[in-house]
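A.B. asks: I'll drop the sequence and a predicted model, then ask my questions.
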Amino acid sequence: MILGTKRLRWLWLSLVVVAPFAARAENWPQWRGQRLDGLSEEQNLPTEWSATENIAWRLPLPGPGGSTPAVWDDRIFLTTSDGDEDIKLLCVSTAGENLWEQTLGGGNQVVRGDEGNYASNSPCTDGAHVWAMAANGPLACYDFEGNEVWKIDLAERYGRFDIAFGLSSTPVLDGDRLYLQLIHSGGAYVIALDKQSGSEIWKHERQSDATNECEHSYASPVLYRDDDREFLLTHGANYVIAHRLEDGTEIWRCGGLNPPPNSQYRGDFRFVASPVAVPGLIVVPSCKEGLILGLRPTGKGDITEKPRLHVWQHENTPDVPSPLVHEGLVYLCDEGGVLTCLEANSGEVLYSERTHADRHRASPVYGDGKIYLTARDGTVSVVRAGRDFELLASNALDEDIAASPAIAGGKIYLRTYDALYCVGAE
């Protein structure tokens, strides 16, 4: 069964909530929201806006970054570059006021021209503390008043990152643990840390046959849960792999993502988009013109050649934006702004329509019956969720955006290279 039950929804919510929040607005505690799936249960979200209309506030930022804000009650957390060197964590109120900042580390670099920098990993929070990472290795925990609880350097602890554009994978917060995937040419590790101390709970060395740039992964780990099973998914170096939460060991792995259809092995197939997992289905992207797979979660061992565990496959995966699954439909946004909608149970294509013709780096999010697609030039296309394509609005901010939106408290938070926007009526 692909759609989650009420029991499963509350199980997911209990992972990050430290106190009941009935009758309160939903938080957005990490990169892909409450359930790591890009879905929000908020209602009455804005559909149309511009740089001057339907904007509650705009807060200038000290520098660009690609990380998505984390939102908890009246606080927003985001990482940003500051000058040519520093990466900082900012705490901002939902009224648009700077509350505090902390320097995560130095050594920032601009990557791929104007594409990004080391402020690409998104923070996460449990309502009492916030954890933030920079793409060259610093990882720190702070309380809500900005006091440092602990700080480590992952590159010092686990080896220098040998990766072209910085290790932008975002840690996943789950209960008392932080899960990380560090997949690059200098090593490939899956790690569980104690969130209170930063100490290592376990480390698993991830095996693969990847070569060249395929050894580099920019994807983030994902959790899978249903009534019968739970595991961590890591994605990179030619494989998606399911790991036991107790010790990180492998349950199953699936390859077949490289080479792409009708081609030979590609040494430049590095994964950027992350999988998305809903009960009964795991949607696994690859990159460039490769495949995207719909997998069952019940496998063991190498399931690459086990067709009964492959629900469907579709050519022309999104390269950077991660997939979205809602009410039995899979939404895929490609680099050029073409939105493709598939049946989750069969992979049948329902439509494939262009929204806005510009690069898309942010992942789509859902809220209030709408899909929000964010283009690199600051245009957010709003599409009605459902089996038939309907473009509801095209909203331009005219500022570069690489970060995915965050939805909380009836507002949409958009982080551009220049500012943080709160979209919605004041």
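C.D. replies: Sure thing, it's come through.
A.B. asks: On the secondary structure side, give me the element for residue 156.
C.D. replies: helix 154-158 (DSSP states H and E).
A.B. asks: which ones are touching residue 350?
C.D. replies: 329, 341-343, 387-388 (CB atoms under 8 Å, 6 or more residues apart in numbering). Glycine gets a C-beta too; all of them are placed from N, C-alpha and C.
A.B. asks: And residue 211, by the same measure?
C.D. replies: By CB under 8 Å, 6+ apart, the contact list for residue 211 reads residue 267.
A.B. asks: 10 Å instead, please
C.D. replies: 185, 237-238, 265, 267 (CB atoms under 10 Å, 6 or more residues apart in numbering).
A.B. asks: out of these, which are buried?
C.D. replies: Taking 16 or more other CB atoms under 10 Å as the criterion, what is buried in these is 185, 237-238.
A.B. asks: re the thing from before, is it possible to get a markdown table of the contacts of residue 211 that adds distance to residue 61 and secondary structure?
C.D. replies: Shown next, in a markdown table, are the contacts of residue 211 (distance: CB to CB, whole Å; DSSP: H, G, I helix; E, B strand; the rest coil):
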| residue | distance to residue 61 | secondary structure |
| --- | --- | --- |
| 185 | 32 | coil |
| 237 | 33 | coil |
| 238 | 36 | coil |
| 265 | 41 | coil |
| 267 | 36 | coil |
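A.B. asks: So which of those is the closest to residue 289?
C.D. replies: The shortest gap between residue 289 and any of those belongs to residue 265, at 14.0 Å (CB to CB).
A.B. asks: related to what we said a few turns ago, for residue 116, state which of the buried ones among the contacts of residue 211 is nearest.
C.D. replies: Ranked by distance to residue 116 (CB to CB), these are led by residue 185 at 19.2 Å.
A.B. asks: For the closest one, give me the pLDDT.
C.D. replies: Note for residue 185: predicted pLDDT of 97.
A.B. asks: how close does the closest residue to it other than its chain neighbours get to residue 66?
C.D. replies: Closest residue in space to residue 185, ignoring its immediate chain neighbours: residue 162 at 4.0 Å, by CB to CB, 6 or more residues apart in numbering. According to CB to CB, to the nearest Å, residue 162 stands 21 Å off from residue 66.
A.B. asks: Over to residue 373?
C.D. replies: Distance from residue 373 to residue 66, by CB to CB: 16 Å.
A.B. asks: again, but for residue 252
C.D. replies: From residue 252 to residue 66 the distance is 31 Å (CB to CB).
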